[in-house]
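1. Structure of the sequence below:
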Amino acid sequence: MNILVVDDSAFMRKIVTDLLEKMPNIHVSNTARNGQQALKILCEQKQPDLVLLDVEMPILNGLETLKEIKRLYDIPVIMLSALSNKDVTIEALALGAADFVEKPTNIREIQEEWIREFYNKIKSIHMQKRRPNRKRVEKVEPAAPSIKERSLPSRVQAVVIGASTGGPKALLKVMQALPASLSIPIFIVQHMPKGFTSSFAQRMNDESAVTVKEAQDGMLVEKCVYLCPGDFHMTVKQGKIQLNQEMKIHGTRPAVDYLFESAAQLYRRELVAVLLTGMGKDGTEGMREIQRLGGYTIAQDKETSVVFGMPRQAILSGVVNEVLSLDEIAAKVKQIVR
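-> As a prediction, this is how the structure comes out:
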């Protein structure tokens, strides 16, 4: 896989390039010091499989460069972001960046976990892009006997949503479909680092009619949307939100399974769960518990997923009642919460 690295810092370009070149089957085909130079490379040379794009650069910044790349090419883009650029990063995800990587705070002591997550994001996004001709197969494959045919509950008390790679843009679409007043609460876990979730909650709140809040420990559950903060797990018990920093599962905190399993215990057959785009298998065990207790489960289809990892795992595990496109999911959630 060939990658174009775009960053105005020569030091950061060197660090990122060295890291990438050590990863299996990855090669840095070129580097650029700003967006203008990156667009010139894309125009004049063989296109890479993926672009790593710094958020803040002179001459042509990351957002403007991203807009041009999305307009002209079908190349996935991962943003390189610092916490200080969190609002711009959320904007980039809304504009179509596949994901972002938070730059390590200490370049000289990069953790193995950070490198592993970086590699997994690149690999997952690339694999999804490589297999356009398998859409029909993947769509049909989950229709196994293990899928439980069940109708939507006549009474729903809550909706839980889990997402990872590609989730921010998908969640924005779902939120924009919702009315200003909800009949029930919605709880969301989006895999995202600490600090970025507050900006993302604000973005969803600003761009939709519905009220979206970043969850806080001890909050009384009301009829609005709650986003789990980064670096915490979120559970729901006795009408209150509880946050904790228990061990990561599936290498992530927050984890979808924590939310899904606790909500299953509380709402039982009056719960609907939605699993959106994302890499890995987080959410499958939570959906298993929701189904066991009589709830209803929905997964996003391959065609509209940025990475068909989490939904696919749940579908193949037989814990999904319905597979829908993103537009269909937005319409279904709207129908449920009105």
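2. By mean pLDDT, flag the weakest helix or strand of the chain.
-> helix 135-140 (a mean of 40; mean pLDDT, DSSP states H and E).
3. Direction included, what does the helix or strand just after that one pair against?
-> Moving toward the C-terminus from helix 135-140, the next helix or strand (DSSP states H and E) is strand 158-163. Taking DSSP bridges as the criterion, strand 158-163 forms sheet pairs with strand 186-190 (parallel), strand 271-275 (parallel).
4. quick one: contacts of strand 158-163?
-> With Cβ atoms under 8 Å, 6 or more residues apart in numbering as the test, strand 158-163 has contacts from 170-171, 174, 184-191, 236, 256, 259-260, 263, 266-267, 270-278, 282-283, 286, 290, 310, 333, 336-337. Placement of C-beta: from N, CA and C, glycine included.
5. hmm, back to that, closest one to Leu42 among the strands paired with strand 158-163?
-> Closest to Leu42 of the strands paired with strand 158-163 is strand 186-190 (Cβ to Cβ; 29.6 Å).
6. Now the helix or strand just after that closest one: buried residues?
-> Going down the chain from strand 186-190, the next helix or strand is helix 196-206, by DSSP H and E. By neighbour count on 16 or more other Cβ atoms under 10 Å, the buried set for helix 196-206 is Phe196, Thr197, Ser198, Ser199, Phe200, Ala201, Gln202, Arg203, Met204, Asn205.
7. cool, stretch 43-52 as well?
-> Going by neighbour count (16+ other Cβ under 10 Å), the buried part of stretch 43-52 is Pro48, Asp49, Leu50, Val51, Leu52.
8. Kindly export it (C-alpha atoms) in PDB.
-> The C-alpha trace of stretch 43-52 is given here as PDB (Å, rounded to 0.1, in the frame of the first residue of the first chain):
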ATOM      1  CA  CYS A  43      -2.100  15.500 -10.200                       C
ATOM      2  CA  GLU A  44       1.300  14.700 -11.700                       C
ATOM      3  CA  GLN A  45       2.200  11.300 -10.200                       C
ATOM      4  CA  LYS A  46       0.700   7.900  -9.700                       C
ATOM      5  CA  GLN A  47      -2.000   8.200  -7.100                       C
ATOM      6  CA  PRO A  48      -1.400   6.700  -3.600                       C
ATOM      7  CA  ASP A  49      -3.700   4.300  -1.900                       C
ATOM      8  CA  LEU A  50      -4.200   6.600   1.100                       C
ATOM      9  CA  VAL A  51      -3.300  10.200   2.200                       C
ATOM     10  CA  LEU A  52      -2.100  11.100   5.700                       C
END
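9. what mean pLDDT does it have?
-> Taken as a whole, stretch 43-52 has an average pLDDT of 94.
10. Please apply the same query to stretch 104-119.
-> 78.
11. go on, stretch 297-308?
-> The model assigns stretch 297-308 a mean pLDDT of 95.
12. Ok, stretch 280-290 next?
-> Mean pLDDT, computed over stretch 280-290, is 97.
13. so Glu222 sits right up against Ile186, yeah?
-> No - using Cβ atoms under 8 Å, Glu222 is not in contact with Ile186; the gap is 11.0 Å.
14. of the two, who's got more company?
-> Higher neighbour count among Glu222 and Ile186: Ile186, with 24 against 11, using other Cβ atoms under 10 Å.
15. residue contacts, that one?
-> So Ile186 contacts Ala158, Val159, Val160, Ile161, Cys224, Val225, Tyr226, Val333, Val337 (Cβ under 8 Å, 6+ apart).
16. Confirm for me that the fifth one is in contact with Ser208.
-> I take that to be Cys224. No - counting by Cβ under 8 Å, Cys224 does not reach Ser208; the two are 11.1 Å apart.
17. Which of those two has more residues huddled nearby?
-> Between Cys224 and Ser208, counted using other Cβ under 10 Å, Ser208 has the larger neighbour count: 20 against 15.
18. which residue sits closest to that one, ignoring its sequence neighbours?
-> Spatial nearest neighbour of Ser208, excluding adjacent residues (Cβ to Cβ, 6 or more residues apart in numbering): Met175 at 4.0 Å.
19. any idea how far Glu270 is from that neighbour?
-> Here the criterion is Cβ to Cβ, to the nearest Å. By it, Met175 lies 22 Å from Glu270.
20. the more surrounded of those two?
-> In terms of neighbours (other Cβ under 10 Å), Met175 is the more surrounded of Met175 and Glu270; the figures are 23 against 17.
21. Confirm the more buried one sits in a helix?
-> Yes - assigned with DSSP: H, G, I helix; E, B strand; the rest coil, Met175 falls within a helix.
22. Could you chop this protein up by domain?
-> Using automatic domain parsing, the domain parsing of the chain gives 2-130, 140-337.
23. before we move on, back to that, overlap in contacts, Cys224 and Ser208.
-> Counting by Cβ under 8 Å, 6+ apart, Cys224 and Ser208 have no common neighbour.
24. and which of the buried residues of helix 196-206 is nearest to Gln242?
-> Closest to Gln242 out of these is Thr197 (16.5 Å), distances taken as Cβ to Cβ.
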